[in-house]
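In: predicted structure and sequence below. I'll ask about it afterward.
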Amino acid sequence: MRSLLILLSFAISKTYASCECQQVNSWNDLQQIINEANAIESVSPPIVSLCPFTVGANKNSGTIIDIQRSMHVKCHKTNPTDRCWIRVEKKTCPFDQDCGRKMVYIKSNDVTIDGLKVTHANDNIFLVEKGYSNIKLMDLEVFHTDIPGNSRGFPKAVISVKPTASIQIIGSSFAWNRAAIVENKGGDVLMYDNGIQGNYVQTPNEEAIISNKKASSKLVLTQNKFSDNKASLGPVIASGSNSYVFDGGQNCATNNIKDGYPYGCNGSYSFDEWTCTPFVVSEFCGNNRSIITEENSNEVNAENNTETVFTIVNSTDTE
């Protein structure tokens, strides 16, 4: 019995802690790999290394990846063209139509997701539950999503952060999405070295590319590039009463406009004082992340995006 336990321990260690990566041939494979990592009883977070893949989900399999313990999920890239790519069927999703709730649901401290690419989603992609800390989203590529949310308060952004959660968004690209990028509902958000380009916030009551209006919301930004985004009231960031925005410098914002008007706010807009505070160095673009992808030659922005990729069918999971 003791020998069997030793062998089991060795097998788990080899799968999750070595340089080997795990093959992903379907969305169900990906869910199963995460579920197995959730079940590991160890103090240190398991490293879930994924071999590059392109997968989707079918209508009956569900679209939720439920992360319930600390772990590091990473794409094992060995060359610049490698991707861990989740492709979702692109379809029209009007405001107040229940198109989905979430794809990755984080309910643990100390979770890192590194190197995923997600395209054409209709769901809120990353939802961080209240109270969890040290969440890192790194080297993400999120393109062509369509996330309108609804009037009952369901997320209408790529990343939704609930109260008292803390998250870092690092080295990622968000482009041509019909959605806000971050909806901070009272957590701590750090954004560093991200490219945010050509996004269009379509819902009538969402004012900015990043919503930081809820009380106790804290947002810190350094070396991010915001360009050619459009929102209903114009600004890159919407702040409100008792929320906090800190410009850490070297952020760049150009051509971010109000829907229907040739101007916007290339910085943070206070809805208490009705004033725009531009970034400290609003024209410094030299060292900021650019949107570099095989798709960028085809798209200018999300508002008039007509590209269609039919790969998978969305789930109708509910909260």
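Out: Noted; the coordinates are in hand.
In: so, low pLDDT: which residues of the protein?
Out: Per-residue confidence of the chain (counting by pLDDT under 70) places the weak regions at 1-19, 57-63, 89-101, 123, 148-155, 202-206, 233-235, 259-263, 281-319.
In: which stretches of it form helices?
Out: In chain order, the chain shows helices spanning 2-17, 27-38, with DSSP state H as the criterion.
In: so how far is residue 214 from the residue nearest to residue 34 when sequence neighbours are not counted?
Out: Of all residues beyond its chain neighbours, the one nearest residue 34 is residue 65 (5.2 Å), with distances taken as C-beta to C-beta, 6 or more residues apart in numbering. To be clear about C-beta, it is placed using only N, CA and C from the backbone, and glycine gets the same treatment. Distance of residue 65 to residue 214, computed by C-beta to C-beta, to the nearest Å: 26 Å.
In: out of these two, which sits in the busier spot?
Out: When residue 65 is set against residue 214 and neighbours are counted by other C-beta atoms under 10 Å, the residue ahead is residue 65, at 22 against 19.
In: the more buried one against residue 31, yeah?
Out: Yes. At 5.9 Å, residue 65 counts as touching residue 31 under the criterion of C-beta atoms under 8 Å.
In: please report how far residue 134 lies from residue 72.
Out: Counting by C-beta to C-beta, the gap between residue 134 and residue 72 amounts to 11 Å.
In: typed the wrong thing, it's residue 107
Out: In this structure, residue 107 and residue 72 are separated by 16 Å, where distance is defined by C-beta to C-beta.
In: these two: who's more crowded?
Out: residue 72 (19 against 16).
In: number of nearby residues for residue 272?
Out: The number of residues packed around residue 272, counting by other C-beta under 10 Å, is 11.
In: which one is it nearest to, not counting chain neighbours?
Out: residue 241 is the one closest to residue 272 (C-beta to C-beta, 6+ apart), at 5.0 Å.
In: now do the contacts for the one you found.
Out: Applying C-beta atoms under 8 Å, 6 or more residues apart in numbering, one finds that residue 241 lies in contact with 215, 271-272.
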